[in-house]
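J.: Generate coordinates for the sequence data below:
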Amino acid sequence: MILAIINGLITSIILETFILLKQMNFSQSLKTALGMSFISMISMEIAMNIVDWGLTGGANLTWWVMPIMLIVGFITPWPYNYWRLKKFDLACH
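T.: As a prediction, this is how the structure comes out:
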């Protein structure tokens, strides 16, 4: 499960850095990607792993657990992301 969290973080940071490179240089893109997603990605990955563990009794990823994990993982970072957008007076559109 720790490996899943690390892989999720690395994948997210690489993707966000790549997307942000169109707007800023590499170091700014990397710093922004780390700041944007680190806490929300960790919370998402932990929530998904807890759902997997709780429903299957261990780290046994099965097809019927995946939709539930994805929904929980999608909803989990909403409060934090909403708070960050409000704190810095930003919009997501």
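J.: What residues of the helix or strand hosting residue 35 count as buried?
T.: Assessed by DSSP states H and E, residue 35 sits inside helix 26-56. Buried residues in helix 26-56, defined by neighbour count with 16 or more other Cβ atoms under 10 Å: 29-30, 33, 36-37, 40-41, 43-49, 51-52. For glycine as for every other residue, the C-beta is placed from the backbone atoms N, C-alpha and C.
J.: mind checking pLDDT for residue 93?
T.: If you check residue 93, the pLDDT there is 54.
J.: Flag the shaky bits of this protein, pLDDT-wise.
T.: Within the chain, the segments meeting pLDDT under 70 span 90-93.
J.: Centre-most residue in this structure?
T.: residue 41 (2.5 Å; Cα atoms, centre = their mean).
J.: quick one: contacts for that residue?
T.: Shown in contact with residue 41 (Cβ atoms under 8 Å, 6 or more residues apart in numbering): 8, 9, 12, 77.
J.: can you tell me how far the residue of the chain most remote from its centre sits from residue 63?
T.: Most distant from the centre of the chain: residue 57, at 23.4 Å, with distances by Cα atoms, centre = their mean. Counting by Cβ to Cβ, to the nearest Å, the gap from residue 57 to residue 63 is 16 Å.
J.: Can you tell me how far the residue farthest from the centre of the chain is from residue 65?
T.: 11 Å.
J.: How about residue 72?
T.: To residue 65, residue 72 is 10 Å away according to Cβ to Cβ.
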